[in-house]
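Asks: Show me the folded form of this:
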Amino acid sequence: MRILALDIGGTSIKAAAWEEGMLSEIREYDTLAGEGGTFVLNRAGDILERMGSCDAIGISTAGQIDSARGLVSYANENIPGYTGIEIGPVLQKRFLVPVVVENDVNAAAIGEGACGAARRYDSYLCLTYGTGVGGAIVMNGELYTGFCGAAGEVGSMMIHGTESPLMDERKGYYEEYASTKALVASVKHIDPAIQNGREVFAAKERPEIGKIVEEWIWEISHGLVTLIHIFNPQCIVLGGGVMNQDYVVERVEKVTKSRVMPLFRNVDFRRAHLGNAAGIWGIIHLTLKRLELE
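Replies: Residues are numbered from 1 along each chain as shown. Presented below is the predicted three-dimensional model:
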């Protein structure tokens with residue numbers, strides 16, 4: 001069995017081949033997302049073609065995904081015109097093999113469960129903190145995708161409701177306060193020279209910046225407290241580059257556990273292990289599972 005896997009993001013497309021439990025032909029390409037959704041799909045097809053023959057294809061991708069039909073239900077303008085793109089049907093017609101398509105955060109969560117931070121758990125949540133906040137829900141070993149396949153949009157939780165009087169405004173939503181982008185924006189008000197999360201934490205011993213970091217950690221905790229009380233997971237997996245800081249994961253765990261009801265405090269907090277490979281491993285696992293069912 002040989003599976004070709006792509007992880008399509010707004011910046012890069014990661015590619016790998018899987019055979020007999022091993023990854024090979026690991027490559028990364030610029031997405032060139034500004035050229036639009038149709039271009040990106042054709043680019044993905046050309047990358048797959050260069051990788052040679054296969055028995056199946058797995059695609060992990062940004063956007064809300066209808067995995068049953070293999071299409072993008074909704075995507076923001078990071079990839080213009082991506083909404084409605086029929087990834088599965090187009091690639092299946094081109095390569096004449098089964099094609100499995102899943103949202104990238106969902107795929108990453110399955111990857112962490114198969115061979116990463118969540119491999120000992122049946123029920124866990126996976127959250128990634130970056131430009132926004134992405135989420136995935138795994139219950140009893142299965143992705144929970146909701147009625148229309150879009151469950152897990154944790155970045156759109158309302159955590160400061162009084163700040164969003166109109167539903168078309170983003171103010172009040174979780175990712176506007178808990179994302180790495182939000183942290184950096186807050187710090188730049190004090191020091192405009194700081195450009196990213198790494199630089200924030202290099203400067204966190206400065207009292208004024210340390211205060212902002214602590215406030216940001218509490219914002220992360222606001223959302224996690226709600227999610228833990230709703231889903232009662234065994235584990236929370238925290239991903240995104242900023243979570244490579246041991247301090248962040250440890251402090252988020254301490255703050256959050258101090259705020260949940262006692263019965264819920266046995267939840268484990270784990271930092272994501274697979275990094276950029278999580279989506280590839282996850283979509284391979286999902287593709288293998290789909291093939292077993294057919």
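Asks: where does Asp168 land on pLDDT?
Replies: pLDDT, Asp168: 53.
Asks: repeat for Asp122
Replies: Looking at Asp122, its pLDDT reads 95.
Asks: Quick check on the nearest residue to it once chain neighbours are set aside: phi, psi?
Replies: In space, Asp122 comes closest to Gly141 once its chain neighbours are excluded; the distance is 5.0 Å by Cβ to Cβ, 6 or more residues apart in numbering. C-beta here means a position set from N, CA and C on the backbone, and glycine is covered the same way. Main-chain dihedrals, Gly141, degrees, to the nearest 10: phi 80, psi 0.
Asks: Could you measure from Gly141 over to Ile283?
Replies: 17 Å (Cβ to Cβ, to the nearest Å).
Asks: same check, this time on Val225
Replies: 31 Å.
Asks: just to revisit the earlier point, please identify which of Gly141 and Ile283 sits among more neighbours.
Replies: Comparing Gly141 with Ile283 by other Cβ atoms under 10 Å, the one with more neighbours is Ile283, at 31 against 11.
Asks: Verify the contact between the more buried one and Ala56 for me.
Replies: No - counting by Cβ atoms under 8 Å, Ile283 stays clear of Ala56, with 10.4 Å between them.
Asks: SS state for Ile3?
Replies: strand (DSSP: H, G, I helix; E, B strand; the rest coil).
Asks: residues in contact with it?
Replies: Going by Cβ atoms under 8 Å, 6 or more residues apart in numbering, Ile3 touches Ala17, Trp18, Glu19, Cys54, Asp55, Ala56, Ile57, Gly58, Ile284, Thr287, Leu288.
Asks: Filter these down to the buried ones.
Replies: Ala17, Trp18, Cys54, Ala56, Ile57, Gly58, Ile284, Thr287, Leu288 (16 or more other Cβ atoms under 10 Å).
Asks: hang on, the first one in a helix?
Replies: Right, the one you point to is Ala17. No - the assignment for Ala17, made by three-state DSSP, is strand rather than a helix.
Asks: From Ile217, how far out is it?
Replies: For Ala17, the distance to Ile217 - Cβ to Cβ - is 40 Å.
Asks: And the residue lying closest to Ala151 once chain neighbours are set aside, its phi and psi?
Replies: Distances taken as Cβ to Cβ, 6+ apart place Thr145 nearest to Ala151, at 5.2 Å, with adjacent residues excluded. Thr145 adopts backbone torsions of phi -110, psi -10, taken as degrees, to the nearest 10.
Asks: what about Thr145, distance to Lys289?
Replies: Distance from Thr145 to Lys289, by Cβ to Cβ: 14 Å.
Asks: These two: which has the busier surroundings?
Replies: Looking at Thr145 and Lys289 with other Cβ under 10 Å, you find the greater number of neighbours at Thr145, namely 20 against 13.
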